[in-house]
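Asks: need coordinates for the following:
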Amino acid sequence: MAPFFIIAIKLALGLIAFLIIGYVGRFYDKRIAGILLTFPILNAVGILTGADPFAVADAISAVVVINGLLFYILLSYPDLIPSFRWSRTATARLLVQLVVWTLMWLLAAFAVTAFRENLPGAAFFFALQSAVTVFLTSRNWAPLAAPPATPDLPKAGWRTHARSFLLWAVHGARFRIALFVVTCAIILAVAYVSDSKWVGMVSALPLPGFFALALLIDFAPSPRELLPIRDTVLFGPTLIIPSNWLYAHVVSRLPQEAHARLILGMLAAFAYWSVYAALIIWVTPRMGRRFDRT
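Replies: Model (predicted):
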């Protein structure tokens, strides 16, 4: 499979993920957006296109724990990292946020991936992530104090949401789209100059989540508005680890012929993403209401 074609697929899917997460977080449901910040849209493509799907899935399992903790910290302390709020332009703020967040991620991710052979398997990281999720969620869950700012929009039909999404993407996020395309294309190219474990690491880079988080922080009236997103962000990695493991088994059984493998693998990936997204949309509001009461 040509590297350029694979990069184009990842770039398009990553851009869609970034826009959807940003839209959901601003106009639909912040807690659903929290889980979507680590949506495995690039994970599946990395597993499909890597030389060894199990090696890639194992590398992602290690790094996805870092993703969840990093997002949790950034949502808990949005002003911890310099955001240049005093700057004259939003461009400077966005660039500084992305650079600093990516450097934080790289320090941990490179260390984890460099010593991958000495680390436990996916089962260990799933147990670790589950324990961290239960501990931090039970201690720091923040019940919603008021209804969403746009109470009617979540109840709207899919056509209304589609029109609102397109209008927002075309007129409200043009600069961020352009910056995402350039940044993501450069980073994805790195994945094709090394072995499968580095493909896994780069595929686990939550770049769509970083862009969406920067957008949500910029438009949040106060840091407290970010707490509903933080409440659920750790649940994403907890779901991703076993889901990626199952998808790696699917990929390992695909035919070796390149075109058939890509077509069947992408169909399986879309089924994976659909089930994952449907589960999140159905479970998250119910889980949120239950936790709010307790």
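
Asks: please name the residues that touch Leu239.
Replies: 35, 276, 279-280 (C-beta atoms under 8 Å, 6 or more residues apart in numbering). For the C-beta atoms, the positions are set from N, CA and C on the backbone; glycine is no exception.

Asks: relative to Leu95, how far out is Leu227?
Replies: 26 Å (C-beta to C-beta, to the nearest Å).

Asks: looking at those two, which one has more neighbours?
Replies: Leu227 (21 against 16; other C-beta atoms under 10 Å).

Asks: what about that one, distance to Leu216?
Replies: Leu227 is 12 Å from Leu216, by C-beta to C-beta.

Asks: still on that earlier bit, show the buried residues in the contacts of Leu239.
Replies: 35, 276, 280 (16 or more other C-beta atoms under 10 Å).

Asks: ok, the second one to Val99 distance?
Replies: Going back to what we said before, that points to Tyr276. For Tyr276, the distance to Val99 - C-beta to C-beta - is 30 Å.

Asks: ok, the first one next?
Replies: Spatial separation of Ile35 from Val99 under the definition C-beta to C-beta is 26 Å.

Asks: what does the last one give?
Replies: Computed as C-beta to C-beta, the Ile280 to Val99 distance reads 29 Å.

Asks: and the contacts of Leu239 as a markdown table, adding secondary structure and pLDDT?
Replies: Below are the contacts of Leu239 laid out as a markdown table (DSSP: H, G, I helix; E, B strand; the rest coil; pLDDT from 0 to 100):
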| residue | secondary structure | pLDDT |
| --- | --- | --- |
| Ile35 | helix | 94 |
| Tyr276 | helix | 92 |
| Leu279 | helix | 92 |
| Ile280 | helix | 93 |
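
Asks: take the residues you listed and lay them out in CSV including distance to Ile16.
Replies: Formatted as CSV, these follow (distance: C-beta to C-beta, whole Å):
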residue, distance to Ile16
Ile35, 17
Tyr276, 14
Leu279, 19
Ile280, 16
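
Asks: identify, from these, the entry nearest to Leu234.
Replies: Ile35 (8.9 Å; C-beta to C-beta).

Asks: correct me if wrong: that closest one contacts Thr284.
Replies: Yes - using C-beta atoms under 8 Å, Ile35 makes contact with Thr284 at a distance of 6.2 Å.

Asks: quickly list what's touching both of these two.
Replies: Contacts common to Ile35 and Thr284, judged by C-beta under 8 Å, 6+ apart, are Thr232.

Asks: quick one: secondary structure of the spatially most central residue of the chain?
Replies: Nearest residue to the geometric centre of the chain (C-alpha atoms, centre = their mean): Thr38, 2.3 Å. Classification of Thr38 using DSSP: H, G, I helix; E, B strand; the rest coil returns coil.

Asks: touching, it and Leu70? I think so.
Replies: No - in this structure, Thr38 is not within contact of Leu70 by C-beta under 8 Å, at 9.8 Å.

Asks: mind listing the shared neighbours of these two?
Replies: In contact with both Thr38 and Leu70: Pro206, using C-beta under 8 Å, 6+ apart.

Asks: where does pLDDT dip in the stretch 1-150 of the chain?
Replies: 1-4, 6, 80-91, 113, 116-117, 145-150 (pLDDT under 70).

Asks: the helices in it, which residues?
Replies: Applying DSSP state H, counting those that start in this stretch to the stretch 1-150 of the chain gives helices spanning 3-27, 30-36, 41-49, 53-76, 90-114, 122-140.

Asks: quick one: mean pLDDT over the host helix or strand of Thr232.
Replies: According to DSSP states H and E, Thr232 maps onto helix 227-233. Helix 227-233 shows a mean pLDDT of 93.

Asks: next secondary structure after that helix?
Replies: Counting by DSSP H and E, what follows helix 227-233 is helix 235-252.

Asks: can you list the buried residues in that following helix?
Replies: 235-241, 243-245, 247-248, 250-251.

Asks: can you put these in a markdown table and add distance to Pro208?
Replies: Below are these laid out as a markdown table (distance: C-beta to C-beta, whole Å):
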| residue | distance to Pro208 |
| --- | --- |
| Phe235 | 17 |
| Gly236 | 12 |
| Pro237 | 15 |
| Thr238 | 19 |
| Leu239 | 16 |
| Ile240 | 14 |
| Ile241 | 19 |
| Ser243 | 17 |
| Asn244 | 16 |
| Trp245 | 22 |
| Tyr247 | 18 |
| Ala248 | 21 |
| Val250 | 23 |
| Val251 | 22 |
